[in-house]
Structure formats: structure tokens, C-alpha cells
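Undergrad: just coords:
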Ligand code: CP3
């Protein structure tokens with residue numbers, strides 16, 4: 001089988017092609033393929049075990065055999081159609097040399113980058129070398145999947161420049177990212193310099209993942225929805241479009257998924273102007289609106305409320321069926337509208353997998 005060849009990363013066409021790659025590439029596959037954002041994580045007891053063994057979160061992300069193991073855990077347990085590389089969007093700033101730690105119960109903490117000197121200190125030329133363990137995780141995971149789960153596609157990812165810059169400038173998570181949004185208005189020249197470095201770093205980071213065996217890549221723009229339409233076009237759409245163009249120049253058949261969270265009515269413009277193959281819908285997006293705003297050959301992904309998955313039972317069934325009904329007949333990948341909650345009962349995920357596999 002063509003897809004069993006380790007080094008060849010370009011999509012394989014024809015009947016044997018992986019369901020997730022067919023859907024991401026614009027085919028209406030039914031029942032739809034599925035995976036869940038943050039499907040490897042603290043709601044899984046087997047994850048908590050490996051996490052304890054690794055010590056801290058960055059150590060887990062940079063120890064290839066452990067990171068590959070947690071990437072595969074949800075595949076083993078649920079048989080998803082996609083495995084997403086276990087890493088974090090903040091590993092790009094980390095690989096550029098910005099000090100980062102994940103404080104227990106507090107989330108990420110970075111040494112803020114707010115002026116030309118701090119931006120100048122970022123080491124784009126050392127990114128690949130520092131991030132090498134992450135690319136090795138991709139290699140190990142792809143080999144394990146081909147050996148044990150040959151229909152499962154490996155998804156690589158990065159944060160989008162806007163969202164990653166927001167953390168880099170703010171220095172930590174935030175409700176509104178006032179400092180970053182303020183800087184984007186007050187000093188667009190300096191902020192633009194940071195965005196340009198991130199466009200180059202993210203392009204190279206995704207290319208290295210594809211070279212190592214990632215079969216699709218996703219751009220997470222979790223904080224896209226807090227921008228004005230003008231700022232959204234400038235800091236979300238334009239940089240994302242450049243990255244998509246850069247990746248496609250070298251790997252035209254690798255599907256790209258974009259997740260412009262809370263983009264609302266700008267979802268159609270995001271889809272057409274970035275050139276992503278599939279747009280991931282957040283929880284608040286009406287799938288019927290997305291279906292009318294996004295061209296029918298562009299895939300949609302999403303968008304079950306992670307809290308419906310926590311609740312389970314009839315609430316979960318009702319919400320999931322509504323999404324499936326709205327998406328039938330178009331290229332679609334079932335997923336959540338945001339990352340899985342750590343209080344999610346594992347048997348609710350099994351319930352959801354059964355429901356989606358039955359086509360609703
Ligand atoms: O989806 C997956 O299973 C792949 C792995 C993945 C993680 N983070 C692992 C992780 C992915 C794709 C991400 C993306 C990510 N990271 C985003 C974009 C998506 C989103 O959720 O909006 C963002 C904004 C981050 C930044 C980040 N990383 C935050 C704010 C936190 C702390 C929040 C928390 O839950 O503690 C992280 C840490 C993190 N990234 C964890 C995991 C499994 C928890 C760390 C732990 O195990 O202690």
C-alpha cells in the first residue's frame with residue numbers, strides 16, 4: 001500500500017487514501033472523519049501518568065518518545081481518524097529563545113517581548129535546531145501510525161502569528177490581551193516586525209514538520225476574534241495567507257486547516273483570502289452560516305461545545321446531531337469548537353465516537 005511508505009509525505013490519491021485527508025482536501029466523506037482538539041491531555045489517566053513521568057510540560061514536549069506516546073494515546077483508546085502532534089503553540093517562541101515556563105494552575109508565563117531590542121534578540125536562525133526534538137516526535141509518531149494504524153493521518157500544527165505574538169507581548173494568558181492589541185495600534189511598525197519574524201519562523205516550523213512526516217497542518221488562531229475587522233485583516237488574514245502560500249509552494253498537496261476562533265462573519269473572507277483547505281469552526285459559529293459563507297469546495301471542521309461533551313447523554317447527542325445534519329453533503333471533519341476540558345469523562349468521548357461513526 002502506497003500510504004505505508006515512511007518517508008513519502010505527500011498525500012496519496014485514490015481509494016486507499018486516509019479518510020481525514022480526503023475530507024480535508026475537499027471530499028464529502030460520510031460518516032465524517034473525526035478527531036478532537038486537545039485529544040491528548042489531562043482528562044486521560046494514561047496522559048497524566050506520562051506527564052508525571054516527564055516532570056514538566058516543556059520536558060514532555062521535548063522528549064520525543066514520551067511526546068509520541070501521548071500523541072498516540074487517544075488513537076489507541078478511541079480510534080480517531082487524526083493524531084495531532086503533542087506539543088504547544090508556544091514552543092515556537094521557546095525555540096526562538098524567549099524564556100517560557102508553564103506554571104502549575106497558572107498557564108504559560110513568558111518574558112514579555114515589547115520593543116525592538118527584545119524582537120531583535122529572537123533567534124530565527126536557531127529555531128530548527130532548538131525545535132529538533134519536536135520534529136523527531138513527528139518522525140516517531142508517523143512511523144508508529146504507519147505500523148499500527150495506517151488509516152490515521154498525522155496532523156502537525158503551529159499557532160498563527162497574531163495569537164503567538166499576543167502571548168509573546170503580554171507574557172501570559174489574558175482575557176483581552178490589552179497590551180498586545182494596544183501595541184498593534186500604537187506601534188504597528190514594531191509589532192509588524194514581530195509578526196514578520198513569526199511568519200518566517202512558522203513557515204519553517206511547519207515545513208520541518210511536513211518533512212518529518214506530518215500529513216496535514218493546522219494554524220491555531222485562538223485570539224483572532226478580539227480584533228476589529230481592519231486589524232483582523234492585517235494581523236490574522238495577511239500573515240496566515242503568507243504562511244499558507246509559503247507551505248503550498250513546496251507542498252501543494254498537504255492540506256492546511258485554519259482556526260480563526262470567534263471570527264464570526266469574517267469566516268468567509270478568512271477562508272477565501274488565506275487559501276486554507278479547511279476552516280475550523282469555533283463553538284459559537286452556526287454551522288449553517290459557515291456553510292453559506294465558505295465556498296463548498298473548502299472543508300469545515302468542528303464544532304461541538306466542549307461542555308456538551310462534559311455533560312454527555314442527551315445534551316451531547318442533540319448538539320452533535322445538529323452539527324452533523326448541517327454538514328451532511330459537504331467536506332467536513334467532526335471536532336470540538338475548542339479544546340477538550342480536563343473534567344471530561346472518558347466514556348462521554350466513547351459515546352461521541354459511536355454517534356459520529358453512525359453518521360448521526
Ligand atoms: O490538541 C492536542 O491534543 C495537541 C496538543 C496541543 C496542546 N496545546 C497541548 C497542551 C495543542 C494543539 C495546543 C494548542 C494551544 N496551546 C493553543 C491553541 C488552542 C486553544 O486551546 O486555544 C493555545 C492558546 C495554547 C497555549 C496554552 N498551552 C495554554 C493557555 C496552556 C495552559 C492551559 C491549560 O490547560 O493548562 C497550555 C498548556 C497545554 N498545552 C496543556 C496541554 C495538554 C496542559 C499542560 C499540562 O499537561 O499540564
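TA: Cool, the structure landed. Note that the coordinates shown come from a computational prediction; the quantities given were computed from them, not determined experimentally.

Undergrad: how close does the residue of the stretch 151-300 of the chain found nearest the ligand sit to residue 262?
TA: The ligand sits closest to residue 222 of the stretch 151-300 of the chain, with a gap of 3.2 Å, by C-beta to the nearest ligand atom. Quick note: C-beta positions are derived from backbone N, CA and C, even for glycine. With the distance defined as C-beta to C-beta, to the nearest Å, residue 222 ends up 9 Å from residue 262.

Undergrad: show me which of these two is the more surrounded one.
TA: Neighbours were counted for residue 222 and for residue 262 using other C-beta atoms under 10 Å; residue 222 has more, 22 against 18.

Undergrad: tell me the pLDDT of the more buried one.
TA: Confidence at residue 222, expressed as pLDDT, is 98.

Undergrad: least trustworthy helix or strand in the chain by mean pLDDT?
TA: With mean pLDDT, DSSP states H and E as the measure, the helix or strand of the chain carrying the lowest mean pLDDT is strand 100-103 (a mean of 94).

Undergrad: would you mark the buried spots in whichever helix or strand comes after it?
TA: Stepping forward along the backbone from strand 100-103, the first helix or strand reached (DSSP states H and E) is strand 107-110. Burial within strand 107-110, assessed by neighbour count using 16 or more other C-beta atoms under 10 Å, is assigned to 108, 109, 110.

Undergrad: summarise which helices and strands strand 107-110 is packed against.
TA: For strand 107-110, the contact count by 3 or more C-beta pairs under 8 Å, 6 or more residues apart in numbering; DSSP states H and E identifies strand 100-103, helix 161-170 as packing neighbours.

Undergrad: do you know how far residue 174 is from residue 167?
TA: 9 Å.

Undergrad: the more surrounded of the two?
TA: It is residue 167, of residue 174 and residue 167, that has more neighbours when counted by other C-beta under 10 Å, with 27 against 17.

Undergrad: Provide a list of residues in contact with that one.
TA: If you count contacts by C-beta atoms under 8 Å, 6 or more residues apart in numbering, residue 167 has them with 89, 90, 93, 108, 110, 159, 173.

Undergrad: restrict those residues to contacts with the ligand.
TA: Intersecting the contacts of residue 167 with the contacts of the ligand gives 89, 90, 108, 173 (criterion: C-beta under 6 Å from any ligand atom).

Undergrad: distance of the closest residue to residue 111 other than its chain neighbours from the ligand?
TA: Beyond its immediate neighbours in the sequence, the residue positioned closest to residue 111 (C-beta to C-beta, 6 or more residues apart in numbering) is residue 99, lying 4.4 Å away. Distance check for residue 99 against the ligand: by C-beta to the nearest ligand atom, to the nearest Å, it reads 16 Å.
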